[in-house]
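> test case, fold it:
(chains A and B)
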Amino acid sequence: MSKAAQIFIVGAVMMMSVAAQATDPVQFDYMMNCQGCHLPQGQGFPKRDVPIVKGHIGKFLHVEGGREFLVQVPGSAQSDLNNERLAAVINWMLTTFSADELPADFRPYSVSEVRELRKSPLIDVTGTRAALIEKIRLLNL
Amino acid sequence: MLNNWLDNIAEHATRQQARFTSRRSFLRTFGFFLMGVSITPLTPVFRNGAFAQEVKNIPESGDPNDCNYWRHCAIDGFMCGCCGGSVTSCPPGTVVSDITWIGTCRNPEDGKDYVISYNDCCGKSGCGSCLCQRDEGDTPIYRPQNSNNLNWCSGSQADVPYHCSLSVVIGVKES
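Have a look, this model is predicted:
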């Protein structure tokens, strides 16, 4: 191999590392719509009542009403995301931040499921959330 | 005298040093100390201040302390680079607000949209220099999750006093 070719290959490899890698589109939606408060690793900010996602969100799928809640909670239902992208973000959050807590028969949210759930708004958000968390606590997961 | 014990310790220490060290050995030891001090900040350890993972290898142009700098497209506040910090780090005496406003800005160098986190630095009163208000993509306050007109310091451990704002790149939009 000629010297020029070697230099070219070295240059090309260096260029590859130079371009910044595009963020996964679903993670991009998480960044734009959720991360400002729930933070990059889903750690939340309990001091200011921002719920923890990491190691927790999957537990909601173990109790009755939990599956609906994750879509109907205002941060989800009232986000700028359409149903396709909202379903993708919630599924991504469940598998990325809470894979260990998912039930054995976990099935991802479908777009039509998200569309239907989004039609009925959640009125008493804090009350519903507290009741679900109490149910989760009793399960002793 | 009240401070006698301190005087005694100081006197003892300086006499010991004068008796047992030569000037050159002092310079040598002191030189090692200075070298250590200057090298320590360069070591690749985890620093809590580096809260957000800044994306690497971004083509850059422009002055980060100029309001027209590409990253500031949705900023509303004082630029931390003018306040003793930088575009990605808070000035001394302030803490970063974890809860933040996130938007995108187009980088003129490569035409890509980058995800920018506008974290506020909190704990001291307003910086007062280099106000920059561009507000692109800002929403009215009744959509608070995308309004930059909030004091995001209310989401920090330092609470409300707002000092200045950062513009940290945390992602790249797929084009």
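> low-confidence ranges, the chain, go.
Since you didn't name a chain, this refers to chain A. Counting by pLDDT under 70, the low-confidence segments of chain A come to A:1-20.
> actually, chain B is the one I wanted.
Scanning chain B with the threshold set as pLDDT under 70 gives B:1-2, B:40-53, B:145.
> give me the element the closest residue to chain A within it is part of.
When Cβ to the nearest Cβ is the measure, chain B has its nearest residue to chain A at residue B:171, with 3.7 Å between them. C-beta coordinates here come from the backbone N, C-alpha and C atoms, glycine included. For residue B:171, the enclosing helix or strand under DSSP states H and E is strand B:168-172.
> what's next to that strand, contact-wise?
When contacts are taken as Cβ atoms under 8 Å, 6 or more residues apart in numbering or on different chains, the neighbours of strand B:168-172 outside the stretch itself are A:20-23, A:27-28, A:31, A:35, A:40, B:52-55, B:58, B:71, B:87-88, B:102, B:112-119.
> what about 6 Å?
With Cβ atoms under 6 Å, 6 or more residues apart in numbering or on different chains as the test, strand B:168-172 has contacts from A:20, A:22-23, A:31, B:52, B:54-55, B:58, B:88, B:112, B:114-117.
> centroid residue for chain B?
residue B:89 (1.9 Å; Cα atoms, centre = their mean).
> near chain A at all, stretch B:126-139?
No. Legend: contact between stretch B:126-139 and chain A by Cβ under 6 Å from any Cβ of the partner chain is lacking; minimum distance shown is 9.2 Å.
> and that stretch, what's buried?
Buried residues in stretch B:126-139, defined by neighbour count with 16 or more other Cβ atoms under 10 Å in any protein chain shown: B:127, B:130, B:132, B:134, B:138.
> and the furthest pair within the residues you listed?
Across the buried residues of stretch B:126-139, no pair lies farther apart than B:127 and B:138, at 20.5 Å, counting by Cβ to Cβ.
> and of the contacts of strand B:168-172, the nearest to residue B:98?
Residue B:98 has its nearest neighbour among these in residue B:52, at 9.2 Å by Cβ to Cβ.
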